[in-house]
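Participant: Return a 3D structure for these sequence lines:
(2 chains)
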Amino acid sequence: MIAIETIDLTKRFENLIAVDKVNLKVDQGEIFGLLGPNGAGKSTFISMLCTILKPSSGTAKVEGYDIMREAGDVRRSIGIVFQDPSIDDKLTGMENMELHADLYDVPRDVMHSRINEVLQLVELEDRASHNVNTYSGGMRRRLEIARSLIHYPRVLFLDEPTVGLDPQSREHIWNYIRALKKRENITIILTTHYMEEADKLCDRIAIIDKSKIIALDTPQKLRCELGGETILIESNNNDLLSEKITEAKLVDNIMITEKELNLTVKNAHTALARIVELAVSIGVYIDNISIREPDLNDVFMYYTGREIREGGGSKELTGMAARMRGRIK
Amino acid sequence: MVTPILWLVIFGSGLRLSVSIPGVNYLQFLLPGIIAQTLLFTAIFLGISVIWDRQFGFMKEILVAPIGRTSIFAGKMFGVGTAAMFQGLIVILLGIIIAVPLTLYGVSLAIPIMILITVGLTCIGLIIASLMTSLESFGTIVTFVNMPMFFLSGALFPVTSLPSWLQWVFYINPLTYGVDTLRGVMIPGWHTLLPISYEILIICVFDVVMVVIGTYLFTKRQ
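Facilitator: Predicted coordinates:
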């Protein structure tokens, strides 16, 4: 059964293409990751699937409903946790949950049992009667996840669910997501720019860069595709060294990042000795050298030629807006 | 709540000396004006809640829920309207405290008229908020709408005492009829500008037009 299908889904803003003819199929019960740097078009893509943004062309089906013609049915079958907080922090946790349950027509007689059930899942039942502005960032996130589940959605969208959280809260949220998948067999679409998150959680990953999907497979297969191991070298003359290594055809692929050379080889242990030998012969001094199994970061670099970078622009704006609200009220 | 007190007590006491309306106590004349002013300022200003909701992401949660855009607009209207009505009622209470002559009958007629006025004014605030993206631009535009509507509504002085070239500005301001209708029911023997049923009709037409424009813009812009 297919939970989500997009057909040439495209979104154009004035002079920028945010999502460019994306074709994608997501199976029911899958945790599907959209991995890409900030500004790659992940959130725009999700907004269209959630029917809050109209596509410029193309369309998509969520749980068999067309996002343009059957927006109401789509909305009833999905839950979403937005990238930016969307909880009313003047209300208590419980009040936020009740409001959401009413918005989604959850019958009054089952409302509270359902709310308690989802609060238990995220371990917030003791704090439900407290005002949300006393919650930590991780707790707010957990409350938002709980809230998105009250109406038993078939598809859950999580837009950067762990951005800005400490490692412990992040681990917590990952556990909830795994538990959820096991229990409900619900389809989860997750966007992230954290490699580790995508690697650990997702059944399949689509790498998005510059508004297009450039790779799509399971994390294991994506890693395998790189074919081999990675050697990282820091030296006092990366450019010269890379030139000579290319000339000597010692490696399969070579990338220069800010301070290191990133080499892909079939067998790192044999290649290593030759590379060091070469470096000595041309008088390049090696500061640091290491071998590792390729991870998704390497996969991403392989496809885009860049590293995923963090940027905090939108986060800061939320903080400023929050301060302004405090002042006006 | 400080503003209406200042207007009523200080402005009222001061202007009582220079504005004379035959047969009417100036405070009695001023109170409906200040009620209308409070409704106007509160209703329009609270349109800002739309921008707040948008900026704090809360609007997204509402927009993605399986409910119609029109119900969201209606909800906003009722919320803002209720807040404005409360402020208006407090002004009436204030009037009683400073001993403005009022009758229970007058007040009970005034309340439905206040509700009628509030509907349209609330929509003005929501319309501005739908069109604006930042809190700052909202504040600027609101001042441009609020102040002329207030000063050109006859809230502070009788319209009929103005030169005729200025009077037409008052006649195209819907709030003029709001203020005048309130006076019509709150001040015994007050002569309204037009027959009172006409004035109420004008307010109703204003309400309907604002609700239609407001719903359209809000639905379109979110």
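Participant: and the residue nearest the centre of chain B, what element?
Facilitator: Per C-alpha atoms, centre = their mean, the C-alpha nearest to the average position across chain B is that of B:L40, at 2.9 Å. Assessed by DSSP states H and E, B:L40 sits inside helix B:26-45.
Participant: is chain A contacted by that helix?
Facilitator: No - using C-beta under 8 Å from any C-beta of the partner chain, we find that helix B:26-45 stays clear of chain A, coming within 10.1 Å at best. All C-beta atoms are positioned from the backbone trio N, CA, C, and that covers glycine.
Participant: all helices in chain A, in order from the N-terminus.
Facilitator: Applying DSSP state H to chain A gives helices spanning A:42-49, A:71-77, A:93-103, A:108-121, A:137-147, A:167-184, A:195-201, A:219-225, A:238-248, A:268-281, A:296-304, A:313-328.
Participant: Could you do chain B as well?
Facilitator: For chain B, the helices defined by DSSP H occupy B:2-5, B:12-15, B:26-45, B:48-55, B:58-63, B:69-97, B:104-131, B:135-151, B:164-171, B:174-186, B:196-221.
Participant: Just put those in JSON lines and tack on mean pLDDT.
Facilitator: Output for the helices of chain B, formatted as JSON lines (pLDDT from 0 to 100):
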{"stretch": "helix B:2-5", "mean pLDDT": "78"}
{"stretch": "helix B:12-15", "mean pLDDT": "77"}
{"stretch": "helix B:26-45", "mean pLDDT": "92"}
{"stretch": "helix B:48-55", "mean pLDDT": "89"}
{"stretch": "helix B:58-63", "mean pLDDT": "87"}
{"stretch": "helix B:69-97", "mean pLDDT": "93"}
{"stretch": "helix B:104-131", "mean pLDDT": "94"}
{"stretch": "helix B:135-151", "mean pLDDT": "91"}
{"stretch": "helix B:164-171", "mean pLDDT": "86"}
{"stretch": "helix B:174-186", "mean pLDDT": "93"}
{"stretch": "helix B:196-221", "mean pLDDT": "92"}
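Participant: Need these in a markdown table (columns: distance to A:L250).
Facilitator: A markdown table is the format used below for the helices of chain B (distance: least, C-beta to C-beta, whole Å):
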| stretch | distance to A:L250 |
| --- | --- |
| helix B:2-5 | 79 |
| helix B:12-15 | 92 |
| helix B:26-45 | 71 |
| helix B:48-55 | 55 |
| helix B:58-63 | 52 |
| helix B:69-97 | 62 |
| helix B:104-131 | 63 |
| helix B:135-151 | 60 |
| helix B:164-171 | 85 |
| helix B:174-186 | 82 |
| helix B:196-221 | 60 |
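Participant: circling back to that earlier point, of the helices of chain A, which stretch is the most buried?
Facilitator: The highest mean neighbour count among the helices of chain A, using mean count of other C-beta atoms under 10 Å in any protein chain shown, belongs to helix A:42-49: a mean of 24.
Participant: one step back: just checking the distance from the helix holding B:L40 to the centre of its chain.
Facilitator: 7 Å (C-alpha atoms, centre = their mean, to the nearest Å).
Participant: packing partners for that helix?
Facilitator: Other elements packing on helix B:26-45 under the criterion 3 or more C-beta pairs under 8 Å, 6 or more residues apart in numbering or on different chains; DSSP states H and E are helix B:2-5, helix B:12-15, helix B:69-97, helix B:104-131, helix B:135-151, helix B:174-186.
Participant: Can you tell me which residues in the stretch 101-250 of chain A are near chain B?
Facilitator: Proximity of the stretch 101-250 of chain A to chain B, by C-beta under 8 Å from any C-beta, involves residues A:L103, A:Y104, A:D105.
Participant: list the contacts for A:I17?
Facilitator: A:T10, A:K11, A:S211 (C-beta atoms under 8 Å, 6 or more residues apart in numbering or on different chains).
Participant: Against the centre of chain B, work out the most remote residue.
Facilitator: Farthest-from-centroid check, chain B (C-alpha atoms, centre = their mean): B:P66, 32.6 Å.
Participant: In contact with that residue, which residues?
Facilitator: Neighbour list for B:P66: A:G72, A:R75, A:R76, A:L103, A:Y104, A:D105 [criterion: C-beta under 8 Å, 6+ apart].
Participant: Out of these, name the two that are farthest from one another.
Facilitator: Spatially, the most separated pair among these is A:G72 and A:L103, at 12.9 Å (C-beta to C-beta).
Participant: For B:F170, the count of nearby residues, please.
Facilitator: Neighbour count of B:F170, defined by other C-beta atoms under 10 Å in any protein chain shown: 20.
Participant: So it versus B:W190, what's the distance?
Facilitator: Distance, B:F170 to B:W190, by C-beta to C-beta, to the nearest Å: 16 Å.
Participant: phi, psi of A:V106?
Facilitator: Dihedral pair for A:V106: phi -70, psi 130, per degrees, to the nearest 10.
Participant: wait, doesn't it sit right on A:R147?
Facilitator: No - if you go by C-beta atoms under 8 Å, A:V106 and A:R147 don't touch, sitting 11.4 Å apart.
Participant: Report the contact partners of the closest residue in space to A:H151 that isn't next to it in sequence.
Facilitator: In this structure, A:H151 finds its nearest non-sequential neighbour in A:Y104, 3.8 Å apart by C-beta to C-beta, 6 or more residues apart in numbering or on different chains. Going by C-beta under 8 Å, 6+ apart, A:Y104 touches A:R76, A:I150, A:H151, B:A65, B:P66.
Participant: residues in contact with the fourth one?
Facilitator: Under the criterion of C-beta under 8 Å, 6+ apart, the contact list for B:A65 reads A:R75, A:H100, A:L103, A:Y104.
Participant: thinking again about what came up before, of the helices of chain B, which approaches A:F82 most closely?
Facilitator: Among those, the nearest to A:F82 by C-beta to C-beta is helix B:58-63 (5.5 Å).
Participant: is that closest one anywhere near chain A?
Facilitator: Yes - using C-beta under 8 Å from any C-beta, helix B:58-63 reaches chain A at B:F58, B:K60, B:E61, B:I62, B:L63.
Participant: distance of the nearest residue to the residue farthest from the centre of chain B once chain neighbours are set aside from A:L49?
Facilitator: Nearest non-adjacent residue to B:P66, counting by C-beta to C-beta, 6+ apart: A:R75, 4.1 Å away. Between A:R75 and A:L49 the distance is 11 Å, computed by C-beta to C-beta.
Participant: try A:Y302
Facilitator: Separation of A:Y302 from A:L49 (C-beta to C-beta) stands at 28 Å.
Participant: A:V163 too?
Facilitator: According to C-beta to C-beta, A:V163 stands 19 Å off from A:L49.
Participant: list the contacts for residue 147?
Facilitator: In the absence of a named chain, this looks at chain A. Counting by C-beta under 8 Å, 6+ apart, A:R147 touches A:I87, A:N96, A:M97, A:H100, A:V118.
Participant: In JSON lines, list the residues of the stretch 101-250 of chain A next to chain B along with pLDDT.
Facilitator: JSON lines is the format used below for these (pLDDT from 0 to 100):
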{"residue": "A:L103", "pLDDT": "91"}
{"residue": "A:Y104", "pLDDT": "90"}
{"residue": "A:D105", "pLDDT": "89"}
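Participant: Check what pLDDT the residue nearest to A:L296 when sequence neighbours are not counted gets.
Facilitator: Nearest residue to A:L296 in three dimensions, chain neighbours excluded: A:M195, at 4.1 Å (C-beta to C-beta, 6+ apart). You'll see A:M195 listed with a pLDDT of 79.
Participant: so A:I291 sits right up against A:T230, yeah?
Facilitator: Yes - taking contacts as C-beta under 8 Å, A:I291 lies within contact range of A:T230: 7.1 Å.
Participant: Now for the two: what residues contact both?
Facilitator: Residues touching both A:I291 and A:T230 (C-beta under 8 Å, 6+ apart) are A:A268.
Participant: In terms of neighbours, single out the busier of these two.
Facilitator: Per other C-beta under 10 Å, whichever of A:I291 and A:T230 has more neighbours is A:T230, with 23 against 14.
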